[in-house]
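> Sequence first, predicted coordinates after that:
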Amino acid sequence: MSVLRQPPSSTRSVPRPLPLTLMNPLMVAQHTPCTMHLSILPPELACKLFYAMLDLSQSWQRNKWWLFDRVVESPHRTSFYARKTDGVGPNDSWQEAAQYWYNGRQTDPPEVFPDVMEEACVYVENIVNNEMQRRSRLPLEWGGRGSEGQIWRANVAASNCYEGTKDSVGFHSDQLTYLGPYPTIASLSLGTTRIFRLREVVPSEEIHSRMAQTFNIPLPHNSLIIMHASTQENFKHSVPPQPTLDLYRPLFPHASRLVSPPEPSNCRINITFRFYRPDFKPQSIPRCNCGVPTILRPDMKNRHDGQTDKYWWTCYAGAQNEGKGCSFWQVMDMKAEGRGPTISDVGNDKR
């Protein structure tokens, strides 16, 4: 007697590639749309900035938001800073006019860059602009206004503190609501070394032929990783928990704690410098049926030739409204919404 069995599947299983550890800048540039830069600040400035942000981090908060039917809390402390001007014009009142929203709620007016962060930002901007000059530009990137319009300016910074082995952040791509398409984000690491993990999003047409590749990038003290244009559209990133970590041993003592040798630390301070585009200012963001500003998301599953990529505005009110939002969804139309100029508008794909 024969036994009826389900015929074998006609689709072959796709092996999952092992994570690849990228140990140096050459490997990072070879495998990802990012660049890695080591020892970017003078050692004493890097140490001074670490101490300043570590002291400030004692008052930083853990973000909270609704996920389905419960409130969740981010497993690290965070804060937000803005420059005195937007980096495009001389207007120093842009912070008061900003009225930013994050995770479905209106934020408090951001703190101004501390002086030591302002000093470090000059080094970061120089490195980012030197890198961008070597890269082809994508059509929807900010095209700027005037002779220096395409120069990247860091006008805001999200700062995070990862203390110990358990502080972390899960896989995500940065919200593009105020950054616009194809942003460049510069992430400065200070303190103990942590893993920065990148995982590609496989396009829909390729999901039956391959699985996503994951990259682990150890980021030591005083290193900068630049997430260039297309990183947020094609990858998600995280800082995972670690079973162990090496303590950071500062070269210089804290100005108010002159002990020798300086006390070691188990904290990583991360400052992500960003450019909030003038054509995506808060007043221009569509509101959903809940009356809350929407967020901008890229179409990560169907992409990406740099020409026909799609983005959409969607409701995010549920992040704070007991998980309840609306069905608002609208394709972003750069020209109809009066946004730009972009690289395609100025007819220049390279600086």
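Cool, got the structure. Numbering: from 1, shown residues only.
> Can you show me the CA trace of stretch 189-197 as PDB?
The C-alpha trace of stretch 189-197 is given here as PDB (Å, rounded to 0.1, in the frame of the first residue of the first chain):
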ATOM      1  CA  SER A 189      30.800  57.600  18.100                       C
ATOM      2  CA  LEU A 190      32.400  58.500  21.400                       C
ATOM      3  CA  GLY A 191      33.300  56.200  24.300                       C
ATOM      4  CA  THR A 192      33.200  52.400  24.300                       C
ATOM      5  CA  THR A 193      33.100  50.500  21.100                       C
ATOM      6  CA  ARG A 194      29.700  49.200  20.000                       C
ATOM      7  CA  ILE A 195      28.500  47.300  16.900                       C
ATOM      8  CA  PHE A 196      26.600  49.200  14.300                       C
ATOM      9  CA  ARG A 197      24.500  46.700  12.300                       C
END
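> Identify all contacting residues around that stretch.
Outside stretch 189-197, the residues that touch it by CB atoms under 8 Å, 6 or more residues apart in numbering are 19, 46, 49-50, 53-54, 162, 171, 187, 214-225, 237-240, 242, 245-248, 265-271. Yep, even glycine has a C-beta here, placed from its N, CA and C like the rest.
> switch the cut-off to 6 Å
Contact with stretch 189-197 is made by 50, 162, 216-221, 223, 238-240, 245, 248, 265-270, as judged by CB atoms under 6 Å, 6 or more residues apart in numbering.
> So which of the residues you listed belong to helices?
Those of the contacts of stretch 189-197 mapping onto helices are F50, per DSSP state H.
> neighbours of N24, just the number please.
Using other CB atoms under 10 Å, N24 has 12 other residues around it.
> go on, S136?
11.
> Please apply the same query to K335.
By other CB under 10 Å, the burial measure for K335, its neighbour count, is 9.
> what sits against it?
Counting by CB under 6 Å, 6+ apart, K335 makes contact with nothing.
> give me that answer again for 10 Å
By CB atoms under 10 Å, 6 or more residues apart in numbering, the residues touching K335 are 342, 345.
> Tell me the secondary structure at it.
coil (DSSP: H, G, I helix; E, B strand; the rest coil).
> circling back to that earlier point, which among the contacts of stretch 189-197 end up buried?
Among the contacts of stretch 189-197, those buried by neighbour count (16 or more other CB atoms under 10 Å) are 50, 162, 217, 219-221, 223, 238-239, 245, 248, 265, 267-270.
> Show only the entries of these found in strands.
162, 217, 219, 223, 238-239, 267-270 (DSSP state E).
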